[in-house]
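Participant: Pasting a predicted model and its sequence here:
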Amino acid sequence: MDDICCRLFAWYDMHKRDLPWRSTRNPYYIWISEVILQQTRVAQGYAYFVRFIALFPTVEALADAPEDAVMRAWQGLGYYSRARNLHAAAKQIVKLGRFPDTYEAIRQLKGVGDYTAAAIASFAFDEPKAAVDGNVCRVWSRVFGIDCPIDSVRGKRVVAEIAQELLPDSQAAKYNQAVMEFGALQCTPHSPSCVDCPLADKCVALAEGKVDMLPSKSHKTKVIPRYLTYLYMHNAGSLLLHKRTGNDIWQNLYELPLIETDVAIDADKLFLHPDFLAWKKIVPHYTYKGFTGGIKHVLSHRVLHATFHELEVWGELSCPDGYVMVPFSELSHYALPRLVERYMQEKSGQW
Ligand code: SF4
């Protein structure tokens, strides 16, 4: 085995965290944990993993579950398209009759990319396939001093080739786990522990004073602001919700009636907005209770500036298509975007 791998394995044996998905060969558990961990830290991901597996203990249970239940279980993790893909891929697996057991076959599942397929294939089936995530990119970029951007096609290819070349065929699972753990705990994005690093004498970035510069990126993601004005409309102990459709964020999640604008608007501008005037035709009798909160919510490509206005509706409310009146006591059955959930929690303990 390569000297770098020997040192890495020795480090891993001493420092690895005891995580539930490390001690299993069940491809379903590994798959769920990998998708959850792509979007959250281990501490928070652990709780989601345990809850998700308790709700959907097998791939068949996940495939059979209503989509609303899956979205509800995913609530708070963000990237809801991943939950939808998990659900669709579970149905694919059930149709196949068994969990696919090669990298190529796993890669055919909906929403499964190179990294996740390699992780499942190596952890569950010992296939000698290097899994390359952000941690792995960082470690090898620094150790080998790769300065072409890791978000470029060439940069990704170079790192993937090095990762694959270093992989000892008979210990793919341990190798992949070790590099990822090393990136998460030792060779961290900021302030890596170079002083006690077992690879320090091999590390080009350290020798050349480039640790802070690697891995390099070609361009930064452009972050677009969005301005969301929500109407918290309630009537006789029930709240009006809307199920989002279309190809936007939060597809199939429930949210409050929304008016989206190009810039932030205050109550005066809200009252003159055509969408608000349209609501007044549907809900002619209400008491405006005021502006009841503002939340800034940061996603990977968007910054959402949300404001909330409360309206108490009088008399019968006939819901337009796609809307539903939900008793406060039943709100916990509905999957809400984290932003709306935060507002509800901050507003009161009504549910
Ligand atoms: S010496 Fe520092 S930068 Fe290099 S691999 Fe070790 S922790 Fe990472």
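Facilitator: Ah, there it is.
Participant: what's the spacing between E312 and T292?
Facilitator: Going from E312 to T292 by Cβ to Cβ, to the nearest Å gives 11 Å. Backbone N, C-alpha and C define where each C-beta goes, glycine included.
Participant: List, one by one, the residues from the stretch 151-300 of the chain near the ligand.
Facilitator: 186-187, 192-194, 197, 199-200, 203, 205-206, 211 (Cβ under 6 Å from any ligand atom).
Participant: ditto for the stretch 1-150 of the chain
Facilitator: 142-143.
Participant: rerun that using 5 Å as the cut-off
Facilitator: Applying Cβ under 5 Å from any ligand atom, we find that the stretch 1-150 of the chain lies next to the ligand at R142.
Participant: so which residue of the stretch 1-150 of the chain comes closest to the ligand?
Facilitator: R142 (4.1 Å; Cβ to the nearest ligand atom).
Participant: Which helix or strand contains that residue?
Facilitator: For R142, the enclosing helix or strand under DSSP states H and E is helix 134-143.
Participant: before we move on, what about I30?
Facilitator: helix 27-37.
Participant: ok, residues contacting whichever helix or strand comes after that helix?
Facilitator: The helix or strand immediately downstream of helix 27-37 is helix 42-55, counting by DSSP H and E. Residues from elsewhere that reach helix 42-55 (Cβ atoms under 8 Å, 6 or more residues apart in numbering): 17, 19-21, 29, 32-33, 36-37, 40, 61, 65, 69, 73-74, 76-77, 184.
Participant: likewise stretch 207-220?
Facilitator: With Cβ under 8 Å, 6+ apart as the criterion, stretch 207-220 contacts 137-138, 141-142, 145-152, 155, 192, 194, 203-205.
Participant: run the last query once more with 7 Å
Facilitator: 137-138, 141-142, 145, 147, 149-152, 192, 194, 205 (Cβ atoms under 7 Å, 6 or more residues apart in numbering).
Participant: Distance of A124 relative to R25?
Facilitator: Taking Cβ to Cβ, one finds A124 at 5 Å from R25.
Participant: Of the two, give the one with the bigger neighbour count.
Facilitator: Ranked by neighbour count (other Cβ atoms under 10 Å), A124 and R25 place A124 first, with 20 against 11.
Participant: Helix, strand, or coil at the more buried one?
Facilitator: Three-state assignment for A124 (DSSP: H, G, I helix; E, B strand; the rest coil): helix.
Participant: can you tell me which residues contact the residue lying closest to it once chain neighbours are set aside?
Facilitator: Nearest residue to A124, sequence neighbours excluded (Cβ to Cβ, 6 or more residues apart in numbering): P27, at 3.9 Å. Going by Cβ under 7 Å, 6+ apart, P27 touches 99, 120, 124.
Participant: switch the cut-off to 10 Å
Facilitator: 59, 93, 98-101, 106, 119-121, 123-125 (Cβ atoms under 10 Å, 6 or more residues apart in numbering).
Participant: packing partners for the helix-or-strand element of the chain with minimal mean pLDDT?
Facilitator: Least confident helix or strand of the chain, by mean pLDDT, DSSP states H and E, is helix 338-347 with a mean of 86. With contacts defined as 3 or more Cβ pairs under 10 Å, 6 or more residues apart in numbering; DSSP states H and E, the packing partners of helix 338-347 are strand 224-235, strand 254-255, strand 286-298, strand 302-313.
Participant: Sheet partners, orientation included, of the third one?
Facilitator: What that stands for is strand 286-298. Strand 286-298 pairs in its sheet with strand 302-313 (antiparallel), by DSSP bridges.
Participant: Just give the number of residues close to W314.
Facilitator: Residues near W314, counting by other Cβ under 10 Å: 13.
Participant: typo on my end, it should be S216
Facilitator: Counted with other Cβ under 10 Å, S216 comes out at 15.
Participant: Give me the contact list for stretch 90-107.
Facilitator: Contacts of stretch 90-107 (Cβ under 10 Å, 6+ apart): 26-28, 30-32, 56, 58-65, 70, 89, 108-110, 112-114, 116-122, 124-125, 127-129, 131.
Participant: now it: how far from the chain's centre is it?
Facilitator: 22 Å (Cα atoms, centre = their mean, to the nearest Å).
Participant: And for stretch 207-227?
Facilitator: Chain-centre distance of stretch 207-227: 20 Å, with Cα atoms, centre = their mean.
Participant: One more: stretch 134-146?
Facilitator: For stretch 134-146, the distance to the chain centre is 23 Å (Cα atoms, centre = their mean).
Participant: and that stretch, which residues are buried?
Facilitator: Within stretch 134-146, the residues that count as buried by 16 or more other Cβ atoms under 10 Å are 135-146.
Participant: Just flag the most distant two among the residues you listed.
Facilitator: Checked with Cβ to Cβ, the buried residues of stretch 134-146 reach their widest spread between N135 and G145, with 17.5 Å between them.
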